[in-house]
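J.: structure, please.
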Amino acid sequence: MKEPKFYRMVRPFISFLFKIVYRPTFEGLENIPKEGNVVLAGNHTHNFDCLLLIASTPRTIHFMAKDSLMKGMKKVIFKGMGIIPVDRSKKDHASLESAIHLLREEKVVGIFPEGTINKTEDITMPFKYGAVKMAKETNAMMVPFVITGSYRILSASIHVRFLEPYQLTQELEIENEKLRKKVSNVLQKYKEEL
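T.: Below is the predicted model:
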């Protein structure tokens, strides 16, 4: 399967504009494998998180996103960006299978395991199992990411850190908690340093 043309066309523009406007800091970019199947999974802080990740790597990221983005006029744009629509009102097996299919074709899938933007006081919300399930089933590399700071124009206050890639070898419940802890430990350290 070829990567979506629209994504490849707009990615340099998104990256340039995003870096000019928000001046994000990227750490651990070397942890994103240059080839092979990869699951990028981390915390969700803002609607711009997808743009931040797009700006971080030349690899095309197929994001799992709410299916409402595939309705009306938005559908043309988001379909062209190669998103995987998810019906959040149920366990959406079809979206998981779509992601697994892409991973078997050596693609990159981006997912926010919390399922939505975290507006709670908790470091993270509970992680859903989709990220670890697709990674284990396809033997994909898991690359956790941690987004800290805020999106303030020209302030260089948003930061994303990519942690070391690893493969899943244990039961899903253990792997899901391991992933959540990797992300929450970095977030906790960040909050303690504020």
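J.: what comes up buried for the least confident helix or strand in the chain by mean pLDDT?
T.: Within the chain, no helix or strand scores below helix 74-80, which has a mean of 74 by mean pLDDT, DSSP states H and E. Buried residues in helix 74-80, counted by 16 or more other Cβ atoms under 10 Å: F78. Heads up, the C-betas are built off the backbone N, CA and C, glycines and all.
J.: helices or strands up against it?
T.: Helices and strands touching helix 74-80, by 3 or more Cβ pairs under 8 Å, 6 or more residues apart in numbering; DSSP states H and E, are helix 5-22.
J.: at 10 Å instead, please
T.: With contacts taken as 3 or more Cβ pairs under 10 Å, 6 or more residues apart in numbering; DSSP states H and E, helix 74-80 sits against helix 5-22, strand 84-86.
J.: can you tell me which of those is most buried?
T.: Burial of the helices and strands packed on helix 74-80 is given as mean neighbour count (mean count of other Cβ atoms under 10 Å); strand 84-86 ranks first at a mean of 23.
J.: direction included, what does that one pair up with?
T.: Sheet pairing of strand 84-86 (DSSP bridges) gives strand 61-66 (parallel).
J.: quick check, K34 in a helix?
T.: No: looking at K34 with DSSP: H, G, I helix; E, B strand; the rest coil, it is coil, so not inside a helix.
J.: turn the helices and strands packed on helix 74-80 into a markdown table, columns for mean pLDDT and distance to T57.
T.: Shown next, in a markdown table, are the helices and strands packed on helix 74-80 (pLDDT from 0 to 100; distance: least, Cβ to Cβ, whole Å):
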| stretch | mean pLDDT | distance to T57 |
| --- | --- | --- |
| helix 5-22 | 93 | 9 |
| strand 84-86 | 85 | 18 |
